[in-house]
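Enquirer: predicted model follows, preceded by the sequence.
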Amino acid sequence: MFNLDKLNSKIDLKNLDFKNLDLKNLDLAKITKLVSEHQNSFIKLVLIVGTLFLTVVMYNDHRVKDQDLSSKTLLLKQKFEAIKARDQAVADLSNFKSSVPEKLSEYDLITLMSSYAKKCNVAITTLSPADSVDMGLYDIVNVNFNVVSDNFKDLMLFLRMIEKSKFPLRINKWSGREDQSGRITFITEVSAVLIHI
């Protein structure tokens with residue numbers, strides 16, 4: 001076992017004056033004799049210092065690798081969160097698009113009004129061409145027409161069918177009158193919203 005007191009008793013460290021140490025006047029014979037007498041102690045000291053040095057190097061290497069692994073893990077976590085956010089945004093956009101009513105062209109709007117009139121036993125006598133107004137995110141398409149019905153019940157059924165349509169339709173105005181034969185004639189303006197997607 002290495003005995004530091006024994007080494008200190010043979011080498012008086014207190015009396016060594018390193019400030020006035022002159023490397024030219026070193027006595028190599030004394031140094032060699034000292035090293036050979038305490039060879040085992042020097043080897044043990046070198047092994048202890050070497051072991052401490054290797055421990056520090058290994059600890060630093062482990063710490064650097066641990067920091068690198070932590071930063072890579074954090075980066076992967078951020079990428080995973082970004083991918084999840086993107087997937088959620090794509091799903092939300094898809095849900096939004098599926099909730100938007102079907103697109104209806106000006107021609108389709110006129111055809112739809114004719115179809116509803118036929119189902120409700122009312123006749124469209126005159127039809128003004130549809131006009132379209134660009135509102136930025138959507139267009140509003142207006143169509144005006146005159147309708148003739150034999151009874152008020154068919155007229156109300158026709159108006160209700162327009163309001164309950166799966167398309168975004170709105171009755172802007174309607175007015176009517178009954179002639180002497182009992183037929184009801186009314187003027188209607190219907191708007192459709194065309195959302196730009």
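Expert: On my side now, so go ahead.
Enquirer: could you use CA atoms for every contact and neighbour count after this?
Expert: OK.
Enquirer: and stretch 143-154, what's buried?
Expert: Applying a neighbour-count criterion of 16 or more other Cα atoms under 10 Å, one finds 143-150, 154 buried in stretch 143-154.
Enquirer: same list (those residues) but as TSV, adding secondary structure, pLDDT and distance to Phe186.
Expert: Shown next, in TSV, are these (DSSP: H, G, I helix; E, B strand; the rest coil; pLDDT from 0 to 100; distance: Cα to Cα, whole Å):
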residue	secondary structure	pLDDT	distance to Phe186
Val143	strand	85	14
Asn144	strand	86	11
Phe145	strand	87	8
Asn146	strand	88	6
Val147	strand	89	5
Val148	strand	90	7
Ser149	strand	88	8
Asp150	coil	87	12
Asp154	helix	89	12
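Enquirer: how about these, which pair is most distant?
Expert: Farthest pair in those (Cα to Cα) is Val143 and Asp150. Separation: 22.6 Å.
Enquirer: ok, the buried residues of stretch 143-154 vs Gln180, which is closest?
Expert: Asp150 (11.8 Å).
Enquirer: what's the closest non-adjacent residue to the closest one?
Expert: Arg183 (4.7 Å; Cα to Cα, 6 or more residues apart in numbering).
Enquirer: break this structure down into its domains, please.
Expert: 1-99, 106-195 (automatic domain parsing).
Enquirer: which of the ones you listed has the lowest mean pLDDT?
Expert: Ranked by mean pLDDT, the domains of the chain end with domain 1-99 in last place, scoring a mean of 75.
Enquirer: now the strands for this protein?
Expert: Ranges of strands in the chain, per DSSP state E, are 123-127, 131-134, 138-149, 169-178, 184-195.
Enquirer: what residue is smack in the middle of this structure?
Expert: Among the residues of the chain, Ala85 comes closest to the average C-alpha position under Cα atoms, centre = their mean, at 2.9 Å.
Enquirer: packing partners of the lengthiest helix in the chain?
Expert: The residue-count maximum for a helix in the chain (DSSP state H) belongs to helix 39-99. For helix 39-99, not one helix or strand is in contact under the criterion 3 or more Cα pairs under 8 Å, 6 or more residues apart in numbering; DSSP states H and E.
Enquirer: any idea how far Ser41 is from the residue of the chain most remote from its centre?
Expert: Note on the chain: the largest C-alpha distance from the chain mean falls to Ala29, namely 77.3 Å (Cα atoms, centre = their mean). To Ser41, Ala29 is 19 Å away according to Cα to Cα, to the nearest Å.
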